[in-house]
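J.: The following comprises the amino acid sequence and a computationally predicted model.
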Amino acid sequence: MADVRMINLTIEGRPVTVPDGTTILEAAKTAGILVPHYCYHPGLPVAGVCRMCLVEVEKMPKLAPSCATNVGEGQVVHVYSEKALEARKGVLELLLINHPLDCPICDQAGECELQDYTFQEGRTDSRYREPKRFDPMEDFGGDVLYVTNRCILCTRCVRFMDDVHQEPVLCVAERGDRATIGKAPDADLTQPWAANVIDLCPVGALVSKDFLNKARAWELDRTASVCTGCSQGCNNVLESRDNVIVRMKPRSNEDVNHFYLCDAGRLDYRWMNRPDRVEVPKIRMHDVLSPVDWETAYDEAAKLLKGKRAFVVASPSLSNEALFLLKRVITQTGGEGVFRCETGFEAPLPGVPDLALRADRAPNVYGAELLGFQRHDINPLAGLKQGDVLVLAGETLPGLDLSATTRASAIIVIGTVHVDGIPTPSVVLPIANVAEEEGTFTNLRGRVQRFLQAKAAPGYVRPSWYAFADLATAVGANSDDMNLPSVIFSALAQSEPAFAGLSYDTIGLRGGLIAGATAGAH
Amino acid sequence: MSHGPSAPPRAPGGAPGHHEPYVAVFTDGSARQTELRDIISRYPDKRAALLPALWMVQQDRGWISEDAMREVGDQLGCTAAYVKGVVTFYTMYHQHPVGKHFIQVCTTSPCLCAGADDVVKAFLEHTGCKELGLTSPDGKYSVIEVECLGACGFATPVQINEDCVENVTPAKVPEILAGLRD
Amino acid sequence: MGYPHKSHPRETPVLSKHFGDPEARTLAGWKARGGYTALQQALQMEPTAIVDIVKASGLRGRGGAGFPTGLKWSFMKIGDGKEHYLCCNADESEPGTFKDREIMRWTPHALIEGCAIGAYAIGAETAYIYIRGEFTEPINVMERALAEARAAGIIGKNAMGTGKTIDVWVHKGAGAYICGEETALMNSLEGKRGNPRIKPPFPAVSGLFGKPTTINNVETLAAIPHILNNGAEWYKAMSLSSPKSSGSKLFSVCGNVSKPGNYEVVMGFSFKEFLYDLCGGPLPGRKFKALIPGGSSVPTITIEEAEAIAMDYEGFVEQGTMLGSGGVIIFDDAQSMPRQLARIARFYAHESCAQCTQCREGTAWMTKILERIVAGQGTYEDLDTIFDLSDAMTGKTICVLSDSCGAPVVSGITKFRGEFEALIKGRRSSTVTMPGVPTGSR
Ligand SMILES: Cc1cc2nc3c(=O)[nH]c(=O)nc-3n(C[C@H](O)[C@H](O)[C@H](O)COP(=O)(O)O)c2cc1C
Ligand code: SF4
Ligand code: SF4
Ligand code: SF4
Ligand code: FES
Ligand code: FES
């Protein structure tokens, strides 16, 4: 974009150079200055209604709304001048006159922009002596509850539904101080991406029914992760309290999911807290599964695999690292790796290019393919040969006809839970789920993205990469040096051409593209 | 129904479900449909016909129900929620059924200083409407206060349905009411 | 001819000449009074030549802001390949103002002619006259006149046989003062909530339907045929305030005055003479006390300040107020200023479009404070709060409705502080209650 003119200006005494057409608010960000704002959101069309972002621009007769004012050559902008501070203080006071100030029972407390900016720039008292306005709450359907009294009418929710979701089911109703957010009775917020309005709402006016009164924001531990709901690989934050995941929020990534998560993805986290986990390695003794230590279990598995083909059905929700080491087991035994993937409808978010809840409902379908696993959605056991050792890696084969498993000489289950229909496998190795370990997934556009550990695993559970490294070693493919996800990933990048040149350092927390992939959202 | 400190009271509707089933206005082949098409042709975007379409509904059905919002939305390619945002913005659209004679008295300052509040009282008294915004027990009248009708030199102007009656004084109220056709 | 009273000899009836004359409403009657000659002439001219005449006439917008009309028209780039639009602002909702109503009721063809000339001059083939919904009679008169003009081929696909297209349509509003703000009007016409838009972009760049648009008040456009017929010099020379303000202006007069109504005088006319002579002075036994002379959105002045005014844009500013829409609201010595100002604040609270925080919350808060003072529950701190609030509401919002709420109130408190303090001290037992619903409930 060489033809874009660059504009030089001064914001709070700092020289700033940004492309022509940038708003003062965005330009200030580049100088590390966050102008307080409510209605502005980088993912939405500019509304310029809250008037919170007013700044003083020398030579302009009035204060300028920085979200709606473009930079100009030589401008001198004061964000914290007396005039600008006074104006924003006025806005804050006015936003609060009818606000219920029910922070103690508001889920937004602790992550509320009204609290934050009031603390930063607001008055310490209120001069409002009149009765406050009161309106009842309204269930907006889907996961969304509208707490009318807390609404500051920034219209972010309306603009998201209008312009990004392109399902205009919300409106501003009435006018003056009677205005509220309205909804037609026949259109609930059940659209696939509707719950994003909860995140967009800068205050506690739109809250999640799922999260209602569950935790206080400041009690939460937050971990950067990747949604496992589908092959899009939306970046998210797993929020946990006392080692329990209680909420999933989007983590913005311009190239994948912008600022959003779909409702299906964001609400699908409870399985991460499943209590019915396999917590210790087990082997079958006298037809009963008995707990053993890990070494015994590995030895047993190696013994069963000796001279046999490992027929591995792997989950496309396993990390690249886990699949890479699993591949060593397959190669060492001359075996075969397959996977199946649940599928569903595709639900795009129209206002964002190349963002959809994808038909493939697993995060690492592409990674599994790149690592040589064959996809067999209908009958993954078709290739299981008489005498093979069946290895179910993170896969429980729900609803499938398991009669073919009788062909296996032994069954090794490596997973988080027992497999229904296979009550007594020969070996059970308990591994961590995605929230309990670290690794990477490769999304459908070839973007390799890291996820971090959000909670501790129960019992004797080991990270999947750890268990697979040991198993590979046990079957004779020495992987003793594979002792960290980053190390494993480096090895993977060296031996798998598609991943060449990538490392944890280069992909960071925003992901990196495999060779030959074209960027996702752009 | 909620009123702001500055909201003119609106006529309260019956409980939801008490209304007669909605009868569509722009049915195929109807005169209203033709009229709407004609109006749409005046604009490059058919949504511009929204206010006119809502006027037609109000003329024919007396008020604008949520079913009506849906019908108008369907006609002009917008959602019921969008139409609701528009309907509730404009004070002249009735969101509830109102009395047969909808009496709007201007009480904005220029009329107030000429005695508009006494005119309001006179209407409330002579129509049997107990309060502003309530429909009289016989269903004939609703009285509300409105903001400046743009006829301040003819204080107090009173808009009764489509007609603007000028220079109304409390004394003239009985005569005005008597002149309304049932 | 005057309406509702007879024309005063000191008036200069240009626009109001045919008020009260039912024949002027008809096409035949209008033509007999010299109608449509200006349009005929205009359609033979280059659009830019018309703009030049309007520029030279010094005509300034009569909708409130007083922006030079010719200059506004010159922002429209003829031949830019885009659709252009003309909007005629007939939303007339500014309390105290009722002049456009009479122009439309009595001389609908003057407005149609002005619209047609305006549209042609700015390169538009379509003009929309946005009339407030309450104006049922003016709407009917305009619709009838438009039908006649259309049938006679004056407007339409082949306007006056020139092959040029000039369509003029009426668009009926539905009860929203804010739709008089130019960009709110455009949104409303497009079938949206009447929310003012952030500027830039200005209407001349992106207005109605995203296309270059000019918007003018009814009175502004109705003056155009006269200017074309009689020349720019005539229009300028008429005024006592040339060259800054030119021509004649309709002033609507209402409130506590002997002869409320519309009066047309030349710019620069003595406000004192206007008030006492033309308008007949105060009601018997009363004295004028205060005025809000430009529609309710401008600062309140005392009668002493008013008497010093020469009636032009600058003249009103010199006395700390504005000419605005020309709606003169008069309060006499029997009126309670706190009560009147509280009612004015309530108007703005009711009409705020709800976009901007300061306006949505501030207008309602100011109303509640004022109503509490009127109810005898006020404190001295309340007055300080109102001043601060007005500051917070001024110059910081998308449009000036927010400013307009504070302007009459703050100046009113400053000039009539005694009345407020009397209520606060409780010396005057206040039995005055505001009409309307009790405050605080929602
Ligand atoms: C809140 C508000 C209300 C307005 N109402 C009107 C109105 O009712 N009629 C009008 O002509 N102009 C009104 N205006 C002024 C218009 O925005 C615009 O300036 C005018 O129509 C331009 O026409 P003119 O240049 O011919 O005056 C209003 C402005 C504001 C801010
Ligand atoms: S609900 Fe939230 S996002 Fe929507 S307008 Fe209110 S404050 Fe803004
Ligand atoms: S689109 Fe896919 S990855 Fe994104 S949130 Fe939904 S399920 Fe998760
Ligand atoms: S100042 Fe008031 S009326 Fe104007 S845009 Fe803002 S909220 Fe709407
Ligand atoms: S953030 Fe700029 S006006 Fe709201
Ligand atoms: S104030 Fe009553 S009509 Fe204008």
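T.: Noted; the coordinates are in hand. Ligands and ions are numbered 1, 2, ... in the order given.
J.: now the helices: where do they sit in chain A?
T.: Assigned by DSSP state H, the helices in chain A fall at A:24-30, A:82-97, A:113-121, A:156-159, A:196-200, A:263-267, A:294-305, A:320-333, A:365-370, A:464-474, A:485-495, A:504-507.
J.: quick one: which of those is nearest chain B?
T.: helix A:156-159 (8.2 Å; CB to the nearest CB). Glycine gets a C-beta too; all of them are placed from N, C-alpha and C.
J.: Quickly check: the closest one near ligand 2 or not.
T.: Yes - counting by CB under 6 Å from any ligand atom, ligand 2 has neighbours in helix A:156-159: A:R156, A:C157.
J.: Could you check how far the closest residue to ligand 3 within the stretch 201-350 of chain C is from C:M186?
T.: Across the stretch 201-350 of chain C, the shortest distance to ligand 3 (CB to the nearest ligand atom) belongs to C:G210, at 33.2 Å. Taking CB to CB, to the nearest Å as the measure, C:G210 falls 9 Å from C:M186.
J.: wait, what's in contact with A:D299?
T.: Shown in contact with A:D299 (CB atoms under 8 Å, 6 or more residues apart in numbering or on different chains): A:A474.
J.: And the chain, split by domain according to the record?
T.: All of this refers to chain A. Recorded structural domains for chain A (assignment: automatic domain parsing) are A:6-95, A:129-219, A:282-513.
J.: nope, chain B please
T.: If you go by automatic domain parsing, chain B breaks into B:1-95, B:101-178.
J.: so where's chain B shaky on pLDDT?
T.: Applying pLDDT under 70 to chain B flags the ranges B:1-19.
J.: swap in chain A?
T.: A:1-2, A:518-522.
J.: Which positions in it make contact with chain C?
T.: A:46-52, A:54, A:62-63, A:65, A:68, A:87, A:90-91, A:93-95, A:97-98, A:127-131, A:133-135, A:152-153, A:172, A:174-179 (CB under 8 Å from any CB of the partner chain).
J.: Keep those, but drop any that are not near ligand 2.
T.: Contacts with ligand 2 within the residues of chain A next to chain C, counted by CB under 6 Å from any ligand atom: A:I152, A:L153.
J.: now stretch A:391-406, how far from the centre of its chain.
T.: With CA atoms, centre = their mean, to the nearest Å as the basis, stretch A:391-406 stands 29 Å off its chain's centre.
J.: now do the same end-to-end measure for it.
T.: Start and end residues of stretch A:391-406 are separated by 13 Å (CA to CA, to the nearest Å).
J.: Repeat that for stretch A:435-447.
T.: For stretch A:435-447, by CA to CA, the gap between its terminal residues amounts to 20 Å.
J.: is it anywhere near ligand 3?
T.: No - if you take CB under 6 Å from any ligand atom as the test, stretch A:435-447 misses ligand 3, and the best it gets is 7.9 Å.
J.: which residue does chain C bring closest to ligand 2?
T.: Closest residue of chain C to ligand 2, CB to the nearest ligand atom: C:A354 (10.7 Å).
J.: coming back round to it: please name whichever of the domains of chain A is nearest to ligand 5.
T.: Using CB to the nearest ligand atom, these put domain A:6-95 closest to ligand 5, at 3.1 Å.
J.: now do the same end-to-end measure for that closest one.
T.: End-to-end for domain A:6-95, by CA to CA: 37 Å.
J.: what separates that domain from the chain centre, distance-wise?
T.: 30 Å.
J.: List phi and psi for B:S142.
T.: The phi/psi pair for B:S142 (degrees, to the nearest 10) reads phi -130, psi 140.
J.: Repeat that for B:Q33.
T.: phi -60, psi -40.
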